[in-house]
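Trainee: Below: sequence and its predicted model.
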Amino acid sequence: MKVISVSVGKPEIMKTKNEGLVSTAIFKKQVAGRVKVNQFNLEGDAQADLSVHGGWSKSVYVYPHEHYAFWKSELPEIAFENGNFGENLTTEGLLETEMFVGDRVRIGTAEFGVTEPRMPCYKLGVRFGRSDIIRRFLQSHRSGFYLTVLKTGELGAGDPVEILGRDENKVSISDIVRLYVQDKNDVETISRALKVELLPERWKEVFRTRSQGS
């Protein structure tokens, strides 16, 4: 398990066909060398809308490099490269089916906790110039996932990813997406998800409402 590339970006104003002028930081660029890990982001990175992006639970976005082959076959007209989905870390060996919410990992000298999957917003459509990517991204279950920073430090491309601890509730990133998209009445998995300390409260509120109504 390792980091293939590191990408960062600051908000910029984009002119779009349907949304008009949009401020977005989804256009990440790969960087070389060591990158400082701050409390809420990587050095050189920022988010445009802090009401839905960034913060403690979305400090660093990870996307598996393995998914790019799928997207290249789905959208052959697009010249994909690492960072295209707005991820900070493009990784190898960290799939959503195998990473549990609450897992702790070390990358470089920094330590992180796995918090939640990425739910696409309209800015993904801005990035690719097509609104259908939002639906396709969600249905693909290739969400990537966010990390919270537990210990600041630095990291870089090529760094191994070391698992420091696995959450005992064993709720994977894929489980959270599955509960959200299709298995909305899976009370057993929901009950385990509600016990995960690092799962953000907004997710727990959704699951509590569903479990109470089932």
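Mentor: Perfect, thanks for sending it.
Trainee: Check which helices and strands the longest helix seen in the chain is in contact with.
Mentor: As assigned by DSSP state H, the longest helix anywhere in the chain is helix 201-213. Applying 3 or more CB pairs under 8 Å, 6 or more residues apart in numbering; DSSP states H and E, one finds that helix 201-213 contacts helix 173-181, helix 187-193. To be clear about C-beta, it is placed using only N, CA and C from the backbone, and glycine gets the same treatment.
Trainee: Residues touching it, excluding its own?
Mentor: For helix 201-213, contacts defined as CB atoms under 8 Å, 6 or more residues apart in numbering pick out Glu116, Ile176, Leu179, Tyr180, Lys184, Asn185, Val187, Ile190, Ser191, Ala193, Leu194.
Trainee: what ranges do the strands span in this structure?
Mentor: For the chain, the strands defined by DSSP state E cover 2-8, 12-16, 20-24, 29-31, 35-37, 60-64, 89-92, 104-107, 110-117, 145-151, 153-155, 161-165.
Trainee: Which elements pack onto the fifth one?
Mentor: Counting contacts by 3+ CB pairs under 8 Å, 6+ apart, strand 35-37 packs against strand 153-155.
Trainee: give the contact list for the closest residue in space to Leu155 that isn't next to it in sequence.
Mentor: In space, and not counting its chain neighbours, Leu155 is closest to Gly108: 3.3 Å by CB to CB, 6 or more residues apart in numbering. Counting by CB under 8 Å, 6+ apart, Gly108 touches Arg34, Val37, Gly153, Glu154, Leu155, Gly156, Asp159.
Trainee: Please repeat the previous calculation with a cut-off of 7 Å.
Mentor: Gly153, Glu154, Leu155, Gly156, Asp159 (CB atoms under 7 Å, 6 or more residues apart in numbering).
Trainee: Pick out whichever of these sits closest to Ser23.
Mentor: Leu155 (26.9 Å; CB to CB).
Trainee: residue contacts, the closest one?
Mentor: The neighbourhood of Leu155, defined by CB under 7 Å, 6+ apart, consists of Val3, Val6, Val35, Val37, Ile107, Gly108, Ala110.
Trainee: nearest to His67, of these?
Mentor: If you rank the contacts of Leu155 by distance to His67 using CB to CB, Val3 comes first, at 15.2 Å.
Trainee: Contact partners for the closest residue in space to that closest one that isn't next to it in sequence?
Mentor: Nearest residue to Val3 in three dimensions, chain neighbours excluded: Asp159, at 4.8 Å (CB to CB, 6+ apart). Asp159 is in contact with Lys2, Val3, Ile107, Gly108, counting by CB under 7 Å, 6+ apart.
Trainee: That's all I had, so thanks and see you.
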